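Enquirer: Sharing a model prediction with you, sequence too.
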Amino acid sequence: MTDISGLRAQLLERIASAEMPREVLKANEIKELYATIPSLPPSERGAFGRAVNDLKTELETAIALRETAMENAAITSIDVTAPWDVNGALPELLPTENGTQHPLTREIENVVDIFTRMGFEAIESRQIDDDYHMFGTLNFPENHPARDGYDTFRTEEGFIPPAHTSTMQHRILERGKAQLENGGQIAAISYGRVFRNEDVDATHEHTFYQCEGVFVSPNATLGEMLGTLRSFFEVYYGQKLKTKTQPGYFPFVEPGLEFAIERPATLGGKPGEWLEMLGCGMIHPNVLREAGIDPVKYRGFAWGGGIDRLIMLKYNIEDIRHLESAKLQFLRKFA
């Protein structure tokens, strides 16, 4: 799919008549454009990627105009001065122009935007899942001690509110297998809310957000992974960063690493103050086999980390509980 001009006209026409115009950004045609980038000759990828990003920007502008027009039409059709009852006083209405995005929503969109511009497909994680995808597909044997580190909730039926977005990894690998065998590669992130049985304090929440990344190709390397992660953090924080890794154990990667950045002075840090940001590593052969991918022919890397932690560092938020508190005093700082 390389006919961007033809697709632009179709999508703009769809936005002009859509009741939910923002859904157009999730169209399969757009996902296919991003998926096309890795298959192009290296000399063509840059220009094609910029053209896709320009298309997305144009669509977002059209969506904003359509949403504004729909809101104006709705307002003119409602009598906002109508009393609750014939004897009642007029209600005190909150001014709608003061509404803003929640910092979590804003920063999740920012994270997704950075990775999609790097060529990764973005997939929202599930809110409920099963033991197979939570543990079985990720090389956690039954009754293995490593499961204890993902202490989570369960329903009476045995379903699990996911403790990590890695529950999507097996689905991503299975879905991308055909593309891999046809000479392409798998490049996707999953993002969403996760749940753990935590003692809540300033740095721990039972409900928070994560982003997981997966990349598989015939010759994926650890160096590619470290370069990808470093590029992401430097774009997200808007500055050059020092990074380092140290060994870490995760059943679904081998070798497993903990990825850290040196907290820069512009974010309140001091030299030598390292912050672990996520876990990562080369995808374990057992995980590839479970998805039907030959680990002799293909290699991959994966990473996963909390989005709340990114936001806390970026805005110098001292207590993670603020993000779920719904306190207007806190939220007004992001207006």
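Expert: That came through fine.
Enquirer: Excluding covalently adjacent residues, which one is nearest to Gly292?
Expert: In space, and not counting its chain neighbours, Gly292 is closest to Lys177: 5.7 Å by C-beta to C-beta, 6 or more residues apart in numbering. All C-beta spots, glycine's among them, are computed from the backbone N, C-alpha and C.
Enquirer: What average pLDDT does the helix or strand hosting that neighbour get?
Expert: Using DSSP states H and E, Lys177 sits in helix 169-181. Average pLDDT, helix 169-181: 93.
Enquirer: Check which helices and strands that helix is in contact with.
Expert: Packing partners of helix 169-181 (3 or more C-beta pairs under 8 Å, 6 or more residues apart in numbering; DSSP states H and E): strand 186-195, strand 207-217, helix 285-290.
Enquirer: tell me what the helix or strand following the longest one is packed against?
Expert: Okay, so that is strand 207-217. Counting by DSSP H and E, the next helix or strand C-terminal to strand 207-217 is helix 222-237. For helix 222-237, the packing partners by 3+ C-beta pairs under 8 Å, 6+ apart come out as helix 103-117, strand 207-217, strand 243-247, strand 253-262, strand 274-283, strand 299-306, helix 307-315.
Enquirer: Now do the strands in the stretch 1-150 of the chain.
Expert: 121-124 (DSSP state E, counting those that start in this stretch).
Enquirer: So in terms of bridging, what pairs with Gly300?
Expert: For Gly300, the beta-bridge partners under DSSP bridges are Val216.
Enquirer: Contacts only, for it.
Expert: Residues near Gly300 by C-beta atoms under 8 Å, 6 or more residues apart in numbering: 173, 186, 214-217, 220, 282-283, 288.
Enquirer: circling back: buried residues, the helix holding Lys177. List them.
Expert: Within helix 169-181, the residues scored as buried using 16 or more other C-beta atoms under 10 Å are 169-173, 176-177, 179-180.
Enquirer: I would like the residues contacting that helix, please.
Expert: With C-beta under 8 Å, 6+ apart, helix 169-181 has contacts from 35, 123, 133, 137-138, 184-186, 188, 190, 212, 214, 216-217, 252, 287-288, 290-293, 298, 300, 302.
Enquirer: Quick check on those residues: which are buried?
Expert: Buried among those (16+ other C-beta under 10 Å): 35, 123, 133, 137-138, 184-186, 188, 190, 212, 214, 216-217, 252, 287-288, 290-291, 293, 298, 300, 302.
Enquirer: Centroid-nearest residue for the chain?
Expert: The centroid of the chain falls nearest to Tyr191 when counting by C-alpha atoms, centre = their mean (3.4 Å).
Enquirer: Make CSV from the contacts of Gly300 and add distance to Lys327 to it.
Expert: Output for those, formatted as CSV (distance: C-beta to C-beta, whole Å):
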residue, distance to Lys327
Leu173, 40
Ile186, 41
Val214, 36
Phe215, 39
Val216, 42
Ser217, 45
Ala220, 44
Met282, 42
Ile283, 40
Leu288, 45
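Enquirer: now, which of the residues you listed sits nearest His206?
Expert: The shortest approach to His206 among the contacts of Gly300 belongs to Val214, at 25.8 Å (C-beta to C-beta).
Enquirer: what's near enough to touch the closest one?
Expert: 169, 172-173, 186-190, 283, 300-302.
Enquirer: repeat for Lys242
Expert: Neighbouring residues of Lys242 by C-beta under 8 Å, 6+ apart: 261-262.
Enquirer: can you tell me which helix in the chain is longest?
Expert: Ordering each helix of the chain by length in residues (DSSP state H) puts helix 42-76 first.
Enquirer: any idea how far that helix is from the chain center?
Expert: Counting by C-alpha atoms, centre = their mean, to the nearest Å, helix 42-76 is centred 20 Å from the centre of its parent chain.
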